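output the structure for:
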Amino acid sequence: MAGIDINTQMYQETEGLYTYDKALSILTSQGKFHIKLGLERISKLLDLLGNPQDNLRVIHIAGTNGKGSTCAMLASILTEAGYKTGLYTSPHLIDYTERIKINGQDILQKDFARLVFRIVNLANLHDIHVTEFEILTVLAFLYFNEHKVDFVVLETGLGGRLDATNIVKKPLISVITSIDIDHVDRLGNTIEQIAYEKAGIIKNNVPVITLKNNNGINIFANISEENRSQLVLVDPSIYKQENSKIILENDTYNLPLLGLWQIKNLSLVLKTVEVLNNQGFLIPSEKVKSGLEKVSWPGRLQYIKEKNLVLDGAHNLSGAKSLRESLDYYFPDKKIIWIYSSLNTKDYKSIIEVLFNPQDIVIFTKSRSQNAVDPNILKESYMLTNFTKKVYSISSLEKSISLAYLFAQNDCDSTSYLTIISGSFYIVGETLNILKNNWQF
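Numbering: from 1, shown residues only. Okay, the predicted model is just below:
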């Protein structure tokens, strides 16, 4: 597909002539799913900008599940240890500015707009057809370089080998989180193919940290050996979980992020901190613990107690399995009401089979994404193998939420119910926006 094109219109970088809304209009002019993997375009653009990414100390993180939580934990620890820390993640839930942070603070809209126009003007001038994600990645590098951050925690967008973030030549550390089947249309439909794409972030003589029993571990071992990179394996089984506490021998970590999978992510984070300390950086153990206590990562098994609501963007099979296991662990006595939406690029037929139990109430709905599946199709698919009267399809998220809370209120003990909104980050983001605007359930 062609890159973003604004008919070579040039915006003057003068206060008042460019706005955040105009910047968003440019970014979304080719649609949210405008993806074209490859490093040629971003390489040309960054060359013209003096390669700001080469000035940054980067910790590069790839994987199928757990990338965002791992990035959030690591960034919080580094910030707590006194380092100015840039964090680049995707997707956003409400606002594009969420993707680019320094010490936990989102980039200002005026800075975001200023840099979007600078990048797009330059790309148009040199006839470089950049994608939305490439613009955002270049923007992050420019912003972090302007602010002279000490570290950048950098999450890949899709895959690794051909992902725009992989323009970084020499990260401090490469981290690969849990690997599973996802994005088969772009990364391949086998674990080996997907692992190969993720392993593309492995660089010559750069330590690689991953899970001991990760899928695709042989691929990572071979590519690490080819690159003369130390492969550091971590074993999450040595950790023990007690609700929000994760215990390793005599150390206890209080982690506000729910999810049984967080043991894996935390084990990778702690090993990354250990390697950084070995590289000469000072990250005291007490700062590790206090940094973890302050970490926030919305939309990932996020429990909003006052609304008796859980939000999670589980959109692949392994994520769905982990979500169900975690719900059964943290809320064993709750009756579950699901509000579920999926994109048509996902294997929703398999996902809903592992998410829902026969006694659950299921409300299928639809996000505003152009790729959202019609809720009637979701309902029909589920009903083919599940004969229950507790299944509904409603096109409006607001009406779905109202129905869920009506079910709970009609029970003599409404507190015994828990509403889960899941299936994509689009539906989670729309829910958070509803909450932000003080919509009353």
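
what ranges do the helices span in the stretch 201-350 of the chain?
Using DSSP state H, counting those that start in this stretch, the helices found in the stretch 201-350 of the chain span residues 217-226, 262-278, 285-293, 317-330, 348-355.

could you check the longest one and say which residues are buried?
To tie it back to what came earlier, the one meant is helix 262-278. Neighbour-count burial for helix 262-278, counted by 16 or more other CB atoms under 10 Å, picks out 262-273, 275-276. For the C-beta atoms, the positions are set from N, CA and C on the backbone; glycine is no exception.

just give the number of residues close to the closest residue to residue 336 other than its chain neighbours.
In space, and not counting its chain neighbours, residue 336 is closest to residue 360: 4.5 Å by CB to CB, 6 or more residues apart in numbering. For residue 360, the count of nearby residues is 16 (other CB atoms under 10 Å).

you'd agree residue 360 is up against residue 334?
No. Assessed by CB atoms under 8 Å, residue 360 is found out of contact with residue 334, at 10.3 Å.

any idea how far residue 401 lies from residue 268?
According to CB to CB, to the nearest Å, residue 401 and residue 268 sit 35 Å apart.

same question for residue 44.
33 Å.

show the contacting residues for the residue nearest to residue 336.
Shown in contact with residue 360 (CB atoms under 8 Å, 6 or more residues apart in numbering): 335, 336, 337, 338, 390.

from residue 322, how far off is it?
To residue 322, residue 360 is 17 Å away according to CB to CB.

okay, how far is it across stretch 170-189, tip to tip?
Separation of the first and last residues of stretch 170-189 by CA to CA, to the nearest Å is 29 Å.

circling back to that earlier point, which one of the helices of the stretch 201-350 of the chain has the most crowded surroundings?
helix 262-278 (a mean of 22; mean count of other CB atoms under 10 Å).

run the chain-centre distance for stretch 135-155.
What separates the centre of stretch 135-155 from the centre of its chain is 17 Å, taken as CA atoms, centre = their mean, to the nearest Å.

over to stretch 315-335?
Centroid separation between stretch 315-335 and its chain, computed with CA atoms, centre = their mean, is 18 Å.

what mean pLDDT does that stretch get?
For stretch 315-335, the mean pLDDT works out to 93.

list phi and psi for the nearest residue to residue 248 once chain neighbours are set aside.
Leaving aside its sequence neighbours, residue 248 sits nearest to residue 239 (CB to CB, 6+ apart; 5.3 Å). With angles defined as degrees, to the nearest 10, residue 239 sits at phi -100, psi 150.

repeat that for residue 42.
Per degrees, to the nearest 10, the backbone of residue 42 is at phi -70, psi -30.

list the residues that contact it.
Going by CB under 8 Å, 6+ apart, residue 42 touches 130, 134, 137, 138, 164, 167.

next, format the residues you listed as TSV and append secondary structure.
Output for the contacts of residue 42, formatted as TSV (DSSP: H, G, I helix; E, B strand; the rest coil):
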residue	secondary structure
130	coil
134	helix
137	helix
138	helix
164	helix
167	helix
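
from those residues, which has minimum pLDDT?
Lowest pLDDT within the contacts of residue 42 is found at residue 130 (91).

so that one sits against residue 45, correct?
Yes. At 6.2 Å, residue 130 and residue 45 qualify as touching, with contact defined as CB under 8 Å.

sounds good, over and out.
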